[in-house]
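Chemist: Okay, sequence plus prediction incoming.
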Amino acid sequence: MQPAYEAILTETRERVGLIRFNRPKQLNALNDTMMRELGEALLAFDADDSIGVIVLTGSEKVFAAGADIVGMKDFSFTDVYRSDYFTRGWLTLRQVRKPVIAVVTGYALGGGCEVAMMCDMIIAGENARFGQPEIKLGIIPGAGGTQRLPLAVGKAKAMDLLYTGRTIDAQEADRIGLVSRVVPAAQALDLALEVAAEIASFPLPALMMLKESVNRAYESPLSEGLLFERRMVHALFATEDQKEGMAAFVEKRKPGFRHR
Ligand code: CAA
């Protein structure tokens with residue numbers, strides 16, 4: 001039984017935890033309730049031993065049209081500074097240690113694009129539209145867009161998108177490396193669930209170390225990242241699943257991973 005949330009929906013599909021934004025009338029604008037619930041649901045799946053991978057999506061029409069402009073338009077500097085706006089709930093995505101896949105169909109604008117970029121990979125529907133339109137509102141991205149977009153697509157494309165606020169389609173997002181796969185919108189969630197199920201069948205400790213190692217590429221010099229990766233691969237030789245995975249290969253049989 002999944003907890004009842006107001007602005008998101010959650011369900012499990014075997015070892016995959018699925019979270020959907022659910023404020024259709026506001027195009028899934030990310031308000032405080034939704035982001036608090038997102039944080040709670042992420043932490044619950046992250047702590048659940050029966051879950052290996054988390055999938056985050058919206059509806060087929062919209063992933064999320066950004067932070068809730070109606071909710072924030074009258075905030076003062078003190079309001080946003082005191083509450084450290086765009087952190088509570090939002091930053092929980094950074095704490096999640098299991099793989100997280102975003103499925104973007106329709107708009108992923110502003111905070112929506114930033115949330116998708118906080119995930120480990122993005123599977124896009126052909127109708128996906130990405131952009132950081134904050135400049136048109138007189139602000140700049142506040143949930144990592146100025147940092148993760150250049151890392152994902154390079155400075156030239158990032159500055160173009162950030163300065164103009166223009167929206168790009170799924171093909172352009174694929175071309176510049178923002179998304180990992182593009183498929184017809186109606187198939188995007190099913191494909192992501194299939195990919196997630198496959199990933200979730202692999203040993204969870206190895207997946208978690210993979211995520212930590214890749215994230216090091218963004219947060220430390222190459223020499224530190226390489227050392228971290230090497231220590232992680234050494235650590236995996238202490239796991240049962242490494243013994244099982246390699247024995248299964250040699251014995252020409254399917255491995256039976258136990259995630260330990
Ligand atoms: N916040 C609050 N409400 C929003 C919203 C948002 N970000 N985006 C859409 N909505 C609401 C609209 O106000 C509208 O509500 P009403 O029916 O009550 O009028 C409803 O959703 C439908 O929206 P539209 O009529 O505008 O739908 P459309 O199909 O004509 O346009 C759209 C779709 C292009 C996505 C357009 O809604 C849009 O441009 N939205 C705003 C996008 C944006 O600027 N996002 C960035 C927000 S700032 C941010 O995210 C900061 C950060 O770094 C975290």
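Modeler: That came through, no problem. Nothing here was measured: the structure is a model prediction, and the numbers come from that model. Residues are numbered from 1 along each chain as shown.

Chemist: quick one, helices of the stretch 101-250 of the chain?
Modeler: Remark: helices assigned in the stretch 101-250 of the chain by DSSP state H, counting those that start in this stretch are 111-118, 145-153, 155-164, 170-175, 185-201, 204-219, 222-236, 240-250.

Chemist: Output these as a markdown table; include the columns mean pLDDT, distance to the ligand and mean neighbour count.
Modeler: C-beta here means a position set from N, CA and C on the backbone, and glycine is covered the same way. Formatted as a markdown table, the helices of the stretch 101-250 of the chain follow (pLDDT from 0 to 100; distance: least, CB to the nearest ligand atom, whole Å; neighbours: other CB atoms under 10 Å):
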| stretch | mean pLDDT | distance to the ligand | mean neighbour count |
| --- | --- | --- | --- |
| helix 111-118 | 98 | 3 | 27 |
| helix 145-153 | 97 | 6 | 18 |
| helix 155-164 | 98 | 11 | 16 |
| helix 170-175 | 98 | 15 | 18 |
| helix 185-201 | 98 | 15 | 18 |
| helix 204-219 | 96 | 19 | 16 |
| helix 222-236 | 97 | 28 | 13 |
| helix 240-250 | 98 | 38 | 13 |
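
Chemist: A128: which of those is closest?
Modeler: helix 170-175 (4.2 Å; CB to CB).

Chemist: so, in contact with the ligand or not, stretch 49-64?
Modeler: No: contact of stretch 49-64 with the ligand (CB under 6 Å from any ligand atom) is absent, the minimum separation being 7.0 Å.

Chemist: buried residues in that stretch?
Modeler: I51, G52, V53, I54, V55, L56, T57, G58, S59, V62, F63, A64 (16 or more other CB atoms under 10 Å).

Chemist: Of all pairs in those, which one is the farthest apart?
Modeler: Top of the distance list for these (CB to CB): G52 and V62, 27.3 Å.

Chemist: Can you check what angle separates the helix or strand that contains M34 from helix 204-219?
Modeler: Following DSSP states H and E, one finds M34 within helix 32-47. Angle between the axes of helix 32-47 and helix 204-219 is 130 degrees (criterion: axes from the mean of the first three to the mean of the last three CA atoms, to 10 degrees).

Chemist: Note down every partner strand of the next helix or strand after helix 32-47 and its orientation.
Modeler: Helices and strands here follow DSSP H and E; after helix 32-47, the next one along the chain is strand 53-57. Taking DSSP bridges as the criterion, strand 53-57 sits next to strand 16-21 (parallel), strand 100-104 (parallel) in its sheet.

Chemist: Could you point out the helix or strand that follows strand 53-57?
Modeler: strand 62-64.

Chemist: what mean pLDDT would you report for that following strand?
Modeler: The average pLDDT within strand 62-64 is 98.

Chemist: How far does the next helix or strand after that strand sit from its chain's centre?
Modeler: Using DSSP H and E, the next helix or strand after strand 62-64 towards the C-terminus is helix 69-72. Centre-to-centre, helix 69-72 and its host chain are 23 Å apart (CA atoms, centre = their mean, to the nearest Å).

Chemist: can you list contacts of helix 69-72?
Modeler: Q26, A29, N31, D32, V80, Y85, L137 (CB atoms under 8 Å, 6 or more residues apart in numbering).
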